[in-house]
Every structure is written in C-alpha cells, then in structure tokens.
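> please work out how this folds:
(2 chains)
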Amino acid sequence: MTTGTALAIEASGLGKSFGRTRAVNGVDLAVPAGSIYGVLGPNGAGKTTTIRMLATLITPDAGSASVLGHDIVAEADAVRELVSLTGQLASVDEDLTGRENLVLLGRLLGYSRAAARDRADELLEAFDIAEAAGRLVKHYSGGMRRRLDIAASIVVTPQLMFLDEPTTGLDPRSRNQVWEIVRALVGEGTTILLCTQYLEEADQLADGIAVIDRGRVIAEGTPGHLKASVGTGSLRVRLLDPARRDEAAQVLERSVGPVVAEPEPAALSSTGVDAERAAIGVAELARAGIGLAHFSLEQPSLDEVFLALTGHAAEATDDEATTGPATPATDTLQELS
Amino acid sequence: MTTTTPAPTTAAVRRAISSTPRPPRPGPLTAALAFGWRGMLKVKHVPEQLLDVTVTPVMFLLMFTYLFGGAIAGSTSAYLDYTLPGLLVMSVLFTTVYSGVALNTDLTKGVVDRFRSLPIWRPAPLLGSLLGDSVRYVVAGTVIIVVGVALGYRPDGGFPGAVAALALVVVFSFGLSWIFSVLGLLMRTPNAVMNAGFMAIFPLTFLSNVFVDPATLPGPLEAFVDVNPISVLATASRSLMAGEPDGAAIVVSLAVAAVLALVFIPVTTRLYRSR
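Next comes the predicted model:
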C-alpha cells in the first residue's frame, strides 16, 4: 500500500490556459497519502482543470506535478495505472446498462470475461444497484448514476481517486450514501482528491482543504482552521413589527456585531456569528421586548468563506466551460441550506 | 439527518473495495474488442439506429433501377446487373459517415474521460468502435444484396462472389472510416460532421462509375472518374460479383484502404488524446 508520510500528490506552480483564459494559474498542492483532500471553490475557479491535469487528461503548460511518485507528463501511463476518475459529468456510458458498463471496464482493466462479470455483480450488489443492473443508465436516478460511477472507478481499487463534485445535484439522501461510500474508500487506504463547491461537503469529508479561486490556491488548512477564519455562520432574525427594526438593529449591534438590514422589511442579519453570541443576541432582543417571528443561525456559505478570504464574492465565471464537456445546468453556485 | 439509509452498506462496499487483486494489463486486441462489443451493445439496445443504414440505400436502389434504369441501360434488369455492385459500394460508404458522427456524439459525454484515463493501448477505443461499426457495414451491404436478389438480380459469381464483394467493400470502408473519425474529432457538432461527410462522399460517389459507364462522359470528367478510388472499388466489386475477379482493381482497393488506415490511425489517436 502506501507509506506513512508520503505525499500522494505534489504539485507546484501548475498552470493551464485555454485560449486567452488562464484557467489554472500556479496551483501548489501537497496531498498526504491515505487522506481525503478537498479542493473547494466556485464554478470556474479552476478545480476541474486541475483535476484533469492531475488525471493526465490534459497536459499542463506550466509547473509540474507528481501523482503517487510519478510525473504526470513523463510517466502518464504509470499514473493511469494507479488512479481513477469520477468526472463532473457521470463518467459512465448512458446507452449501456449498469452491468454492461462495469463488465466493459473490467475487460478494459484486464479481467477475463467471467471474472469481469463476477466483479460487476459484486459491485452492483455492494452499491445497491443490483435491481437496476439490466436497465440503461440513462434511465437511472441521479443517485444511482453517481453510485455506478464510483463503482466503475473501483473495478480495480485505485490508490488514488479523483472525485469531481460527486454530490452536485443530488438529494440529501443520495448525498449521504455517496459520503458513506467515500468514507469507506478512504478507510481501505485509497487517497481521495475531492473537488466541491460545498463547504459542508468539504467539512464532512476532508482532512485538509485547499480553497481555490481564479486559478490559484488562496487558503489551505483543516476544515476547522477554515471555519475559524470565517466565523460559524450568519444569524438571521425576522421581527413581528417591522417598525421596530432600527431599535432591534441597535440591540443586536451591541451583542453580536455589525448588522445588515435585509431586503425584507422585518428582517436583519449578521454574519460571522458563533452559536453562543447568537443566543445572547436573541435573548437581548427578547429582553428589550422586541417580538420575533423567526430566527436562524446558518452555516457559512461558500460566498461567505470567499468574502472572508478574498474580500470579494465567489463569482461563477465561465472559465470551466472551456475545460471540457458542458457544465450541467444544475451546477450554479448555491447557498448551503 | 432525519433518515438513515441502510443501503449501500458500508461493510459491503468495504468488502468490494478490498477484494480486488489487480489483473494484468489487457492486450491491445482484447481492449479493442471490448470497445467493439460496446458498439454492438448500443445497436442491441437501439436497433432502430440500423434503419438509416438500411432504408436509404434501398430507396436509392429502387429509385435508380426503376426511374433511370430504362433510360440508362435500356431495361431495368440490365441496369440492375450493372449498378447493384456499385450500389453496394455506395450504401456501405455512406454508412461510414455515421462512424464519425457517432464518435463526435461520444465526445460530448463524460465516459470518454474515463476511457482516456485508463491504462490501455491508445488506439483501442477508436479501433474498437470502428470494428463494431463494421458490423453495421455488413448489415447495410447485405440488405442491398438481398433486396437486389429479390428484384431479380442474379450475380454470375453466385453466393461466393457476393460475399467476396461485400468483404472487399467492408474492408475498404474500414479504411475510409478513419477519415470520418478525424472529422468527428475536429468538428464541433454531430450535425457538422454529417454535413461535411456527405458533402465529400456524395459527389465522390456520383462522380464514379457506380451509376453510369464513364465512356459516355466528357473527356476530363471521364479521366477523373477513372482514377476515383470509388470507381476502382466499384469495378472490383462488379468483377467479384460477376465471378471474374479483376486482380488489379482489388489490389488497388485494398492498398487505398491500407494507406488511409496507416495515415489516419496515428492522426485520430493523437486527436482523441488531446481533445
């Protein structure tokens, strides 16, 4: 397997342009073997391009990187033997059945016909898609498709797996299933490079995170570090009486910090508030006799992370559209709920 | 989390992950044949896609035989004897355009990324899908011959002659399809590939001896038709059907196919990797 302190991925100054767009502009990464490493950023930040370079699908035009000790350009074939890729678009053939997909990959990886069939059945069973094994993938639900996609990536267990936005567009239940699978994979010693635009996903899964923006790594650390730098989230209150908003704002400013008036006439919010201070703020409002219709403490969104780290909001640009197949329509930047 | 989902169970996933000794790398042929199998599965799941490779040639066969046959050759049956081996060529060559269209369609899907990230012999995906397409060529050619026989065509070369002609045409088409693969890799949409493909193959087919005897043509045109590889292939096909194989035409046809494959296999492989 892998040795204790080794790095699974080492990249320095990795860069790639498409036409006049600098999609990736000097990315440095150091991913320890046996961990889940999250690459967090909005659409168009250069995540997919970075993953495609590391997976040897495209060649960088600047910098260098090695994956599991092999140079991604000079020893691309050796890299391909050790990694597998689950792309942003499902990397399975929609016009075949789930079983045929897995048998095909088994054959391409060197299994005999019988062994490829056995392996396919074992994976279909383990990933809970046995019932749909004989159906065409284009009729699969989003969750089933993702599970098949990941199953296809471990027909031969890779030492390193690239997961590009594995839960974008999935319902919470399917998302949890995918997370379970990812945890199981890393439990068996596979290193995972996870690209995501959800802070919550990186928080749930990753041991380390690199935040990437406009083709560069702008922050790095554990999920804890990152969240500490942002604050726990935002407090949002809605008053019973909109007329008392100014009064309520003053109370909150004293207890939790700067307050913003929301477009809705009765609502106020404050970002970067931890749970304790939020509780104090809400209690102060009650003590002042200001009635609340609703209050909530929300996790920081990617937007807030970006605002805290860069001073500008995470903007979805269309850089990524040029790096490969079209981006699915569901792929817009979303607030965490 | 309000709901817990028991399946897929982590234990089963873990077992599936840990139970994989790595098999040795597959040989080039195994990989290519696996891709050929993929192509045939697609035909199995959507058999309607064989419709365009069968209906169009049959329409041409009926139209030319009954509409122009009498005028060109004096009688429909005499014309059928002349043109059927040529129509065999045309129907199979037209089918090769679809290979480029299919490849272009494939590239818009995420699965190509997976194929390209596999440690396999590089031309395997392309070679395999063209091998799978060869099955379509055989279907297109067989339909033409069968319909021709139903209309009264009786090749002097008999069954073996017809099979030999079909085999030659399919081999030639395999070589030609690499050109359309290049188009499929270069152009942006499947429709563009289709248009460009037919824009090339349509005039080339009509400016050959498939439909008319070039002796009736004006000089410069006749000269072009004589050197058109499609004419050579049609001549070879005719000779095999007639049971009097024209060695030179057969050798030239095979040589053209070989040159096309040798030139365009490296080009397509390169484009497939870099696109």
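> where does pLDDT dip in the stretch 1-150 of chain B?
Within the stretch 1-150 of chain B, the segments meeting pLDDT under 70 span B:1-8, B:19-20.
> tell me the SS of the closest residue in space to B:Leu84 that isn't next to it in sequence?
Take B:Leu84 and drop its neighbours on the chain: the residue closest to it by C-beta to C-beta, 6 or more residues apart in numbering or on different chains is B:Gly148, 4.4 Å away. All C-beta atoms are positioned from the backbone trio N, CA, C, and that covers glycine. Classification of B:Gly148 by DSSP: H, G, I helix; E, B strand; the rest coil places it in helix.
> let me see the contact set for B:Gly148.
Taking C-beta atoms under 8 Å, 6 or more residues apart in numbering or on different chains, we find B:Gly148 in contact with B:Leu61, B:Leu80, B:Leu84, B:Leu87.
> if you set the cut-off to 7 Å instead, what comes out?
By C-beta atoms under 7 Å, 6 or more residues apart in numbering or on different chains, the contact list for B:Gly148 reads B:Leu61, B:Leu80, B:Leu84.
> from B:Ala248, how far out is it?
Note on B:Gly148: its distance to B:Ala248, by C-beta to C-beta, to the nearest Å, is 25 Å.
> how about A:Pro265?
91 Å.
> tell me which helix or strand residue 17 sits in.
Using chain A here. Under the criterion of DSSP states H and E, A:Ser17 resides in strand A:7-18.
> let me rephrase: I mean chain B.
Going by DSSP H and E, B:Ile17 is in helix B:10-18.
> how about the helix or strand that comes right after that helix, does it reach chain A?
Per DSSP H and E, helix B:10-18 leads on to helix B:28-45 as the next helix or strand towards the C-terminus. Yes - residues of helix B:28-45 are located near chain A by C-beta under 7 Å from any C-beta of the partner chain, namely B:Thr30, B:Ala31, B:Ala34, B:Arg38, B:Leu41, B:Lys42, B:His45.
> tell me which residues are up against the strand holding A:Ser17.
Residues from elsewhere that reach strand A:7-18, judged by C-beta under 7 Å, 6+ apart: A:23-33, A:49-50, A:53-54, A:58, A:60-68, A:160, A:191, A:193, A:322-323.
> before we move on, back to that, return the distance of the helix holding B:Ile17 from the chain's centre.
Centre-to-centre, helix B:10-18 and its host chain are 44 Å apart (C-alpha atoms, centre = their mean, to the nearest Å).
> can you tell me which of the residues of helix B:28-45 next to chain A is nearest B:Met187?
B:Lys42 (20.9 Å; C-beta to C-beta).
> and B:Leu33, how many neighbours?
18 (other C-beta atoms under 10 Å in any protein chain shown).
> buried ones only from the residues of helix B:28-45 next to chain A, please, as a ChimeraX command.
Filtering those down to the buried ones (16 or more other C-beta atoms under 10 Å in any protein chain shown) takes a single ChimeraX command:
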select /B:30,31,34,38,41,42
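> could I get the residues of helix B:28-45 next to chain A as TSV with distance to B:Ala242?
Conversion of those to TSV gives the following (distance: C-beta to C-beta, whole Å):
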residue	distance to B:Ala242
B:Thr30	40
B:Ala31	40
B:Ala34	40
B:Arg38	38
B:Leu41	38
B:Lys42	36
B:His45	40
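> mind listing what B:Ala196 touches?
B:Ala196 touches B:Leu183, B:Met187, counting by C-beta under 7 Å, 6+ apart.
> re the thing from before, check which residues of the helix holding B:Ile17 are buried.
Across helix B:10-18, burial judged by 16+ other C-beta under 10 Å covers B:Ala12, B:Val13, B:Arg14, B:Ala16, B:Ile17.
> same check on stretch B:183-190?
B:Leu183, B:Gly184, B:Leu185, B:Leu186, B:Met187, B:Pro190.
> and stretch B:157-175, by the same measure?
Neighbour-count burial for stretch B:157-175 flags B:157, B:161-162, B:164-166, B:168-175 (criterion: 16+ other C-beta under 10 Å).
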